[in-house]
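Peer 1: Show me how the following folds:
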Amino acid sequence: MGTSLVVQPFASLIGRVSQMTPRLLINREKVGTYSKRRGGYSSPGMAQYGFRFDKSNYRDALFLGDCDDGCAALSRSLGWEEDLNALAVAGRAR
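Peer 2: So this is what the prediction gives:
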C-alpha cells in the first residue's frame, strides 16, 4: 500500500509469498510491474516477482487511488466495513 517498491527490504515482500497467493497493490500508480517494451520489470529487483496486471494474470489485483479509499473498498468487499469503522473510531478516541 502506498509504495514505490524500490526501497529494500520492503520491495522484496511481494516475492516472499507462494506463486498461488493473491496479491493486491493499493497505490496511486502502478509500480513493480512487468514491461515488455523494456524486456523486464519496471522497478529494480522485480525480475523474479513483479506484479502482472495483463491477461496472463492469475493472482495480482490493482486498486489505483489513495490508500484510505483502497482499504475502505477492500473492507466493504470482504464484509469488514463495520469492523474497520469501529477500529477507526476507537483509534480516534485514544
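Peer 1: my hunch is that residue 77 is in a helix, does that hold up?
Peer 2: Yes. Looking at residue 77 with DSSP: H, G, I helix; E, B strand; the rest coil, it is inside a helix.
Peer 1: what about it, how many neighbours?
Peer 2: With neighbours defined by other C-beta atoms under 10 Å, the count for residue 77 comes to 9. C-betas here are computed from N, CA, C, even on glycine.
Peer 1: That one and residue 57, how far apart?
Peer 2: According to C-beta to C-beta, to the nearest Å, residue 77 and residue 57 sit 18 Å apart.
Peer 1: do the same with residue 8
Peer 2: 25 Å.
Peer 1: The most centrally placed residue in the chain in helix, strand or coil?
Peer 2: Closest residue to the average C-alpha location of the chain: residue 25 at 1.7 Å, with C-alpha atoms, centre = their mean. Assigned with three-state DSSP, residue 25 falls in the strand class.
Peer 1: Tell me which residues touch the closest residue to residue 21 other than its chain neighbours, please.
Peer 2: Spatial nearest neighbour of residue 21, excluding adjacent residues (C-beta to C-beta, 6 or more residues apart in numbering): residue 59 at 6.7 Å. By C-beta atoms under 8 Å, 6 or more residues apart in numbering, the contact list for residue 59 reads 19, 20, 21, 22, 23.
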